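Novice: coords below, sequence missing:
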Ligand SMILES: *Cc1c(COP(=O)(O)O)cnc(C)c1O
């Protein structure tokens, strides 16, 4: 079987499980050639977790994959925001995890050539090494700042399920339900419509069950 046949098969299987959920293929550490194969199969949404790698890949794929939509999903240092905003075809940023970053992005937004969607990351697992907003109050304050923006468009909330646990299925379910609760609260308070980005290779089936709008799959799409 060729690589293309294998990827086509994976796409078909995953998509048959998704319903309304969108698939974001996490291409971090994967080659330009592998990304091109998924693009040729019709896929458009790809996620990276490092600004430098995203910059390089977006540049390399500019000609061959003009309709690609890049999603930033990793931790962003405030001094990398200008670089991030120079990525052509940047579509969304899922990992906006504190107010300082929000303020820095707002200051830099005029550099953007087009609108970019923003997901605020909420720490539902409360694991110390995970980043993200910790309280609803902080989340709402940053959401309000973003609602005044011209180029940055608040799109939704992102979270990661608990990784180190003996019962990751139950824990992921709890994390994803928590995110839906925060989303509903924000929607009602601010009178807006929001999406969710939750679920990775290990726990995406639970995320689909909890009606995530986006799942982010890396490992299982490339094995
Ligand atoms: C790497 C990564 C993913 C994909 O994880 P897999 O287990 O490889 O599917 C999803 N979200 C974020 C934030 C990541 O860093």
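Specialist: Looks like it came in fine. In this text the structure is predicted, and so the values were computed from the model without any measurement.

Novice: use CA for all of it now, contacts and neighbours both
Specialist: Noted.

Novice: for the closest residue to residue 78 other than its chain neighbours, what are its contacts?
Specialist: Nearest residue to residue 78, sequence neighbours excluded (C-alpha to C-alpha, 6 or more residues apart in numbering): residue 101, at 5.8 Å. By C-alpha atoms under 8 Å, 6 or more residues apart in numbering, the contact set of residue 101 is 76-78.

Novice: surely residue 101 is within a strand?
Specialist: No - looking at residue 101 with DSSP: H, G, I helix; E, B strand; the rest coil, it is helix, so not inside a strand.

Novice: separation between it and residue 178?
Specialist: Separation of residue 101 from residue 178 (C-alpha to C-alpha, to the nearest Å): 23 Å.

Novice: same thing with residue 86?
Specialist: Counting by C-alpha to C-alpha, the separation of residue 86 from residue 178 is 34 Å.

Novice: run through the residues of the chain sitting next to the ligand.
Specialist: For the chain, the residues in contact with the ligand (C-alpha under 6 Å from any ligand atom) are 26, 49, 73-74, 200-202, 216-219.

Novice: recalculate using a threshold of 5 Å.
Specialist: Applying C-alpha under 5 Å from any ligand atom, we find that the chain lies next to the ligand at 73, 200-201, 216-219.

Novice: and the helices in this structure, which stretches?
Specialist: Ranges of helices within the chain are 3-18, 32-40, 51-61, 81-85, 99-108, 136-147, 168-190, 204-209, 219-222, based on DSSP state H.

Novice: give me the mean pLDDT for the third one.
Specialist: Translated: helix 51-61. For helix 51-61, mean pLDDT rounds to 98.

Novice: just to revisit the earlier point, which among the contacts of residue 101 end up buried?
Specialist: For these, a burial check counting by 16 or more other C-alpha atoms under 10 Å picks out residue 76.
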